[in-house]
Structure formats: C-alpha cells, structure tokens
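Chemist: Take this sequence and fold it.
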Amino acid sequence: STGQIYLRDAAGQAVRDWPTGIGEIYNLTFTPDGERLIVVGQAGQLEVYSIESDRQNLALSQQVANLVGDSRIYSVAVSPDGSQILIAGGFFEANANAYLIDLSTNQVTPLPGHNNLVMAAVFSPDGELIATGDLDATVKLWSNTGELLDTDAKERPNSAKRVLSLAFRSDSQVLAIGRASGAELRWLTRDANPTRLGDPLPLNHPENRTVRSLGITFSADGETLLIASDRTVHLWRVNPNQPRRYDFDKELPQHRGAVNAIAMLPQLDPQQPEQFVSVGDDGLLKLWYVDEVYSERETRRSPYSQQLLDADVAIMPDGQLVATARPGQLEVSTATGSRQISLPDQIPSSPGEPPIQFGEVPPTLTRLMPHPTRPLIAAVSFEERQGATVHLIDIEAGEHVVAWQPHDRRVSQVIFTPDGEQVITAGYG
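Modeler: Model (predicted):
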C-alpha cells in the first residue's frame, strides 16, 4: 500500500528493497528470465525494473503514462519469451484500452476497438497469439505484432456475458473464456489465414446454476480446466472419447467469499500430483491437489477472516516480520518463532488527552509502517465510533507507546520521515 518493493530469495532472506513512488501497488509480475520486475500501480502507473540494479525504465513509464492517463490497468501479461508486455484496462467506457509493449525497443502498440473496460488479456503459450476481453462481452484475437485476427462481439451487450477471465490451453489450440455468467471454450482454427475463433462450446453446470467465472486456467497437460467462482472452484475434465469436450467433474466449496484468483503451480516433479492455489475474499490462501482425492492445505485460517480483509504485513529493518493477526493483534515472526502483541484495554494518547478505549471487539491493525532505525512500527485502526486511530508500537517491548486520532474517517497511508522523527498520515477526512 506504500509503493515499496521487497525482494526476497527463496529462503526469505532480504535481497533488496526500494520505493517505487507510485503509491499503492496493484500487480507485480516477473519476466520469465527473472531479470525484470513489472510493477503496476493502483492509478494505472506501469514501471519496469531491473532486478540486478532496481533501475527503472523511465522512458517506458512516461510513454505508458501519456497513453493510459487516469485509466486503471486490470490485466498484465508477459510473453513466454519475456520480450513483450500486454496491459489492459480503462476508465469507464470512454477509455477502454489494451497495449502491447516491446521491452527491447519501448515501442507501445495500441490494441484498439474495445468499447468497455478490458478486464482480461493473455498471451498464448507459444507466444504467437493474444486474446483480450471486455465488459461489453467482446473477445478479440490478435497476432503478437498487434494485428487483429478475429472479433467476437455481441450485437447487444449483455451484462451476463461480460468477459472476466481468459486462458489459453498449453497447446495454444483452445481459448477458455470466463464470463459474468458461465464460461465457454473456443477451438482456434490455426490452419486458417488468419487464425479464427471457433464456435463457442458452453460449459454448463449440470444443475444449470449460474457460475460467475472470476478466474479460469488449464492444468499443464490441458486435461483439467479450473474455474474460480463465488465460494467455489469448479473442475472440468476432458472427455476421453470426445477430445473437444470437457465434462463437469467436481465443485470444491472451499471459500467463504468470492474466489478471486487461481493458479497452477509448476510441476517440478512429474511423479508428484499437480497442485493449484486459490485466494478468496475470506482472507484464505489454499493449496489443492488436482487428483482423485482433492486434498487441501490451508496456509492461513482465522475465525476473524471477514475482519481481516484489510490485513497487512511489514518487514522491520532487522528482518522481523510483522503481520496483522486476529483483530487487535499483531504477530511478530522471526526464524525461531513468533509472538503476539495485543491492544491493551486503554492506550496512552497525546499529552493532555484521555486514554483511548475500544469496544468489545478490538479493531484490525493495518497500514503497517516500520520505523527506519528503531524497533517501532506505526499502525492504523478504524472504528465507526472512534474513527481512525494511529498507533505507535514498540515491537521489542511488545507495548503501545502512544496513539492519536488525526482523522475523522479512514487513514489511507502512514509513513515515517527518513530521520524517523515525524509521522505523516493521509486520510479521507
């Protein structure tokens, strides 16, 4: 939320941290070679950094800023060879956009023709094709040079057919389209010139239930299709007797809110079953096996998940990890263990002000910001009765130093000055 990048190795050790200056970060994506990091801001900024030097491609960032303006970027994809970036988004219907970016030349090629927000944009695994989809239910197929190959547009835009997600199968022969109500497959006519979208093959739930396809992906072998929806993930299997047909297999009622994202994990060992991960509105991240057992492992569960939707995490200068735990608690973790710091019944306030007291259910501590040199962390909480409260907490002693209430409404950001002597807060009132 502060625009800071934290780069860690596989063992969790710090490699490099640097500020981006773009405020809240919406998306992070590595290029396949791992040498560059693509950063997208909440307000539509795009920055590309070298991992070795954290040097930014300023010319490209400025060029994209001039094109995108105040639009938001909802989808980011990198070509399989890492030479191109695909971004898509918009700001209401007036500025729907998708752009193809060549990282070697900084050339930006517009992909025009969408009349509503472009929510999904993907490369095919062979890198030759691009698909984009928008909230007017339109799907467009492009070459990797930005040439329009085919368009599937509805004569009358239907909100139920809005495109929310797209995925190519590993052989680049099939495009899966996730819509606001349902999903479909398109076999591509790769032998035609140009390549065309085949007729839609709907994926209908056997109970004729409406399925909002928030995310969609294929397994590595292409035999399983996963669709993330409200509270569930739906699994479809290719029909062994009809290779162009996928049959409904199972519904995994795994989350207590919308399943916002799903992704297949790389199968490093062919002897091990394939796995996928899902992330939901309930604050849970779950790991699943794509096999007959469908066992799951939750990496985080909390009885207060609904109150933790604004949870946060921060890394102290000495490497300690501080994260939002249950309401009113922070969890401090090191390589040897973890401990909790809880809100006391009364928190000391500014000089001359009475202590601050909270209700029976303490508020969630978020917007965590470590002090640059001392074992202190600033945090923010919000209650309708109390408004916003900024907390200064001594991580080493496990105690609240002071709290104050500078804003009537929510606090969006809190930072220390570089010398650590002052705290700056920004809020909505």
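
Chemist: low-scoring pLDDT stretches of the chain, where are they?
Modeler: The chain contains residues with pLDDT under 70 at 70, 91-95, 154-157, 253-254, 291-311, 325-326, 335, 359-361, 384-385, 429.

Chemist: Scan it for its longest strand.
Modeler: strand 242-252 (DSSP state E).

Chemist: what helices or strands is it leaning on?
Modeler: Packing partners of strand 242-252 (3 or more Cβ pairs under 8 Å, 6 or more residues apart in numbering; DSSP states H and E): strand 196-203, strand 233-239. Heads up, the C-betas are built off the backbone N, CA and C, glycines and all.

Chemist: hmm, 7 Å instead?
Modeler: Using 3 or more Cβ pairs under 7 Å, 6 or more residues apart in numbering; DSSP states H and E as the contact test, the elements touching strand 242-252 are strand 233-239.

Chemist: Pull the residues that contact the strand it packs on.
Modeler: Residues from elsewhere that reach strand 233-239, judged by Cβ atoms under 7 Å, 6 or more residues apart in numbering: 203, 211, 223-227, 245-252, 254, 259, 262, 278.

Chemist: neighbours around residue 258, how many?
Modeler: Residue 258 sits with 17 neighbouring residues when counted by other Cβ atoms under 10 Å.

Chemist: beta partners of it?
Modeler: On the basis of DSSP bridges, residue 258 is bridged to residue 230.

Chemist: so what's it up against?
Modeler: Residue 258 touches 214, 230, 280, 281, counting by Cβ under 7 Å, 6+ apart.

Chemist: what's the spacing between the residue nearest to the third one when sequence neighbours are not counted and residue 26?
Modeler: Distances taken as Cβ to Cβ, 6 or more residues apart in numbering place residue 255 nearest to residue 280, at 3.3 Å, with adjacent residues excluded. Distance of residue 255 to residue 26, given as Cβ to Cβ, to the nearest Å: 21 Å.

Chemist: residue boundaries of the strands in the stretch 301-429 of the chain?
Modeler: Secondary structure of the stretch 301-429 of the chain (DSSP state E, counting those that start in this stretch): strands at 313-315, 321-324, 329-334, 337-342, 346-347, 356-357, 366-370, 376-383, 387-394, 399-404, 411-416, 423-427.

Chemist: Turn the ones you listed into a markdown table, columns for distance to residue 47.
Modeler: Shown next, in a markdown table, are these (distance: least, Cβ to Cβ, whole Å):
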| stretch | distance to residue 47 |
| --- | --- |
| strand 313-315 | 21 |
| strand 321-324 | 25 |
| strand 329-334 | 29 |
| strand 337-342 | 33 |
| strand 346-347 | 38 |
| strand 356-357 | 39 |
| strand 366-370 | 21 |
| strand 376-383 | 26 |
| strand 387-394 | 29 |
| strand 399-404 | 34 |
| strand 411-416 | 19 |
| strand 423-427 | 21 |
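
Chemist: looking at those, which is closest to residue 32?
Modeler: strand 313-315 (26.6 Å; Cβ to Cβ).

Chemist: Right, I'll call it a day here.
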